[in-house]
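A.B. asks: what shape does this take:
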Amino acid sequence: SRLGENVTLSCIYNERALQLKNLRVYWQIADDPPPGRCLVVHALISGQDNNSNQCINFKDRTKLFWDRLENGDFSLLLLNVSQRDNHTYKCVVQEKTEITRVIHQAEVVLSLAASYSQPVLSGPIRNSTGEEVTFSCRSGNGYPMPKVYWINRANNSHLNPSKLDIHHNSDGTFSVFSTLTVTATSNMQIECFIENEMLQENLSANYTQQKQSNGSGTESDEKKGRGAQAVGIISLVILIGLLTVLICWLWRRRSSKLLSYTDVLPREDQGELNSPA
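C.D. replies: Model prediction:
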């Protein structure tokens, strides 16, 4: 079961019909406990719940399926499971007629798990072929302990981590931090894996950086960026020049119209424009 979920512990007796008033059903922890440790998970006596001796950590967290009891299904619903519920549980069914005898027993092993968060992989921003570079990978809130491994996808080779720290959190889950130091190549394709075997989950994060023979891919990108910037500046200068030419042309045209108008005014005063043709 995943942490925080509800789980059903199975206990089924289907050989014949039963009367609840004649039954006693006990659910208890079957692990080898230290002396004095509470073992009672749930109890049903003469068709009624009786949890006077129930362990405190199971209080209000256990339920039987009442509509199934007379059919021999004594399975127990355990709510909101956590790491402390990771036990072997035993179901004991007794029938009281003339004498009290055990008619059925079952054991259930509860294994708990929690998914790890999506790994976060960090790598060098820029590097040069032949230099040592370090990658880091982190993930958390999972259970049980994970397997962590690194792969170079360029040739599918496994890489040994430089450092692996697994921290046990206060809520019982684990967090993992791993680093990898390798020599940079012309084609960096590093992948980090966090594997939870119990849930059959395998989460990964990858880092890929293409690099050219005369320098890193980052340097090539910077050159492209500078080239694009230069093209933009040149385009802006050309645009400003064109606008300047257009403004000068419009100004000269306007000035020529003003000169023509001032030349017409004296002629109007002399009556030249009012004479018939």
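A.B. asks: hey, let's count contacts and neighbours off CA atoms from now on
C.D. replies: Fine.
A.B. asks: assess the claim that T134 and T179 are in contact.
C.D. replies: Yes: with contacts defined as C-alpha atoms under 8 Å, T134 counts as touching T179 at a distance of 6.8 Å.
A.B. asks: who has more neighbours, the two?
C.D. replies: Neighbour count, other C-alpha atoms under 10 Å: between T134 and T179, T179 has more, with 20 against 14.
A.B. asks: got the CA coordinates for the helix or strand containing the more buried one in CSV?
C.D. replies: Element membership for T179 (DSSP states H and E) is strand 174-183. Taking C-alpha atoms only, strand 174-183 is exported to CSV below (Å, rounded to 0.1, in the frame of the first residue of the first chain):
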residue,chain,number,x,y,z
PHE,A,174,13.6,9.2,2.5
SER,A,175,15.3,12.0,0.6
VAL,A,176,18.2,11.3,-1.7
PHE,A,177,21.1,13.5,-3.0
SER,A,178,23.7,12.2,-5.4
THR,A,179,26.6,13.8,-7.4
LEU,A,180,28.5,12.6,-10.4
THR,A,181,31.9,14.0,-11.5
VAL,A,182,33.1,13.1,-15.0
THR,A,183,35.3,14.4,-17.7
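A.B. asks: now do the helix or strand that comes right after it: distance to the chain's middle.
C.D. replies: As assigned by DSSP H and E, the chain's next helix or strand after strand 174-183 is strand 187-196. Distance, stretch centre to chain centre, for strand 187-196: 15 Å (C-alpha atoms, centre = their mean, to the nearest Å).
A.B. asks: so what are the sheet partners of strand 187-196 and their directions?
C.D. replies: strand 147-152 (antiparallel), strand 201-210 (antiparallel) (DSSP bridges).
A.B. asks: quick one: residues contacting Y143.
C.D. replies: Residues in contact with Y143 (C-alpha atoms under 8 Å, 6 or more residues apart in numbering) are L112, A113, A114, S115, Y116, G172, T173, F174, N196.
A.B. asks: quick one: the second one from V81, how far?
C.D. replies: As defined by C-alpha to C-alpha, to the nearest Å, A113 lies at a distance of 10 Å from V81.
A.B. asks: same question for the first one.
C.D. replies: Using C-alpha to C-alpha, we find L112 at a distance of 8 Å from V81.
A.B. asks: give the intersection of the neighbour lists for the two.
C.D. replies: S1, R2, L3.
A.B. asks: could you dump those into TSV with neighbour count added?
C.D. replies: Output for those, formatted as TSV (neighbours: other C-alpha atoms under 10 Å):
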residue	neighbour count
S1	17
R2	19
L3	20
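A.B. asks: let's verify the most centrally placed residue in the chain: helix, strand, or coil?
C.D. replies: Central residue of the chain (C-alpha atoms, centre = their mean): Q118, 3.4 Å from the mean position. At Q118 the chain is in coil, as set by DSSP: H, G, I helix; E, B strand; the rest coil.
A.B. asks: OK, contacts around it?
C.D. replies: S139, L203, S204, A205.
A.B. asks: the third one pairs with what?
C.D. replies: Same thing as S204. S204 forms beta bridges with F193, as assigned by DSSP bridges.
A.B. asks: let me know how buried it is, in neighbour terms.
C.D. replies: By other C-alpha under 10 Å, 18 other residues sit near S204.
A.B. asks: neighbour-wise, which of the contacts of Y143 leads?
C.D. replies: Within the contacts of Y143, most neighbours by other C-alpha under 10 Å means Y116, with 24 neighbours.
A.B. asks: separation between that residue and N86?
C.D. replies: From Y116 across to N86, the span is 19 Å (C-alpha to C-alpha).
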